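A.B. asks: make a model of this:
(one chain, ligands or ions: 1)
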Amino acid sequence: MDFQQNAAETTCHSRDGNSNQADRRNDKSYALAVVPYDEDKLSPFHLAERRFRLAGRELVIRQSWRELGVAAVVWDAAVVLGEYLESEVSLTDQTVIELGAGTGLTGMVAALQGAKVTITEREIALASLRSNVETNIPPGTTRHPVVIQELTWGQNLHHYPTSFHYVLGADIIYLKKTFQDLLKTLVHLSNCETVVLLGCKIRYERDTNFLKMLEEKFEVKEVHYDQRRDIRVYKAGSDMYWRNERNK
Ligand SMILES: C[S@@+](CC[C@H](N)C(=O)[O-])C[C@H]1O[C@@H](n2cnc3c(N)ncnc32)[C@H](O)[C@@H]1O
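C.D. replies: Numbering: from 1, shown residues only. The predicted model follows:
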């Protein structure tokens, strides 16, 4: 699966497979490279546990790449979007829904900021999501209880209201076959005051194509770029939302 291959690119690669031995002996860093390692095992996705300091708390996330793949590991976009929320968005008592939440890191940051959060995922990944959320923010420890619910994009949308203040998504633009359903879901969940915040790693042309589809329904702006992790945060809203913003 090309997306998983791309994920593996976040580990270290030797780029000079053909460089000569003398060059290598002169390069002090080469000594480090001769230590045998299994590149696959070095990926952060293969760690059973990862720790993040966000919203004034240490969040400990259990990962299980082998069992659930993309839905059970923390993607950089989730961390960057969490940091963006923490520093740029005031969420107290705001209604928030997170789509394709994976381990739920971003939604947890919103909950810790005092939002009324619904964290959603596909059925298959709900147990892992629930376990991470309940371990980090046990019931009764946030201003509002966190709701965890199944939401497969494009399906049973009538179960969800259209009154959210914020719709969040971290690294959810990656599968072309889901684009129409994802867009339909974003449109359904939004009213003219809703803000959609998407943390994105733009890997392929198709990802940019999704942003063009998004621009047919919303006005979209890039509001943040994390250069180190190459993650962009896009903010999408109605014409009315942006008009009000400009008049502030
Ligand atoms: C790359 S992962 C990102 C996970 C998490 N947001 C993060 O950034 O750590 C993409 C997520 O989208 C979810 N997803 C994929 N297709 C979906 C669909 N049709 N409906 C709902 N979620 C979906 C996957 O289960 C997965 O958790």
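
A.B. asks: list the contacts of the longest helix anywhere in the chain.
C.D. replies: If you go by DSSP state H, the chain has its longest helix at helix 76-88. Here helix 76-88 makes contact (CB atoms under 8 Å, 6 or more residues apart in numbering) with 10, 52, 54-55, 91, 102-103, 105-106, 108-110, 113, 168, 170-171, 197-201, 223-224, 226, 229-231, 233. Where C-beta positions appear, they are placed from N, C-alpha and C, glycine not excepted.

A.B. asks: among those residues, name the buried ones.
C.D. replies: In terms of neighbour count (16 or more other CB atoms under 10 Å), the buried residues within the contacts of helix 76-88 are 10, 52, 54-55, 91, 102-103, 105-106, 108-110, 113, 168, 170-171, 197-201, 224, 226, 229, 231, 233.

A.B. asks: in strands only, show me these.
C.D. replies: Among these, the members falling in strands (DSSP state E) are F52, L54, L168, A170, L197, L198, G199, C200, H224, D226, I231, V233.

A.B. asks: kindly indicate which of those lies nearest L189.
C.D. replies: Among these, L168 lies closest to L189 (CB to CB), at 10.5 Å.

A.B. asks: once you drop chain neighbours, what's closest to that closest one?
C.D. replies: Leaving aside its sequence neighbours, L168 sits nearest to E98 (CB to CB, 6 or more residues apart in numbering; 4.4 Å).

A.B. asks: mind checking which helix or strand that neighbour is in?
C.D. replies: strand 95-99 (DSSP states H and E).

A.B. asks: sheet-wise, list the partners of that strand with their directions.
C.D. replies: According to DSSP bridges, strand 95-99 forms sheet pairs with strand 116-121 (parallel), strand 166-170 (parallel).

A.B. asks: contacts only, for R57.
C.D. replies: L112, N136.

A.B. asks: I'd like the distance between the residue positioned nearest the centre of the chain and the ligand.
C.D. replies: In the chain, the C-alpha nearest the mean C-alpha coordinate belongs to A170, at 2.1 Å (CA atoms, centre = their mean). Using CB to the nearest ligand atom, to the nearest Å, A170 is found at 3 Å from the ligand.

A.B. asks: thought that residue was touching M108?
C.D. replies: No: A170 lies out of contact with M108 (CB atoms under 8 Å); the separation is 11.7 Å.

A.B. asks: what are the buried residues along stretch 78-88?
C.D. replies: Quick answer for stretch 78-88 (16+ other CB under 10 Å): A78, V79, V80, L81, G82, E83, Y84, L85, E86.

A.B. asks: sorry, back to before: then the strand holding E98 to CSV, C-alphas only?
C.D. replies: Provided in CSV are the C-alpha atoms of strand 95-99 (Å, rounded to 0.1, in the frame of the first residue of the first chain):
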residue,chain,number,x,y,z
THR,A,95,-18.7,21.9,20.3
VAL,A,96,-16.1,19.9,18.4
ILE,A,97,-16.1,16.7,16.4
GLU,A,98,-13.0,14.9,15.3
LEU,A,99,-13.1,12.7,12.2
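
A.B. asks: now the angle from it to helix 76-88?
C.D. replies: Per axes from the mean of the first three to the mean of the last three CA atoms, to 10 degrees, the angle that strand 95-99 makes with helix 76-88 is 160 degrees.

A.B. asks: ok, and what's touching strand 95-99?
C.D. replies: Counting by CB under 8 Å, 6+ apart, 104, 106-107, 110, 115-120, 151, 153, 160, 163-170, 172, 182, 185-186, 189 sit against strand 95-99.
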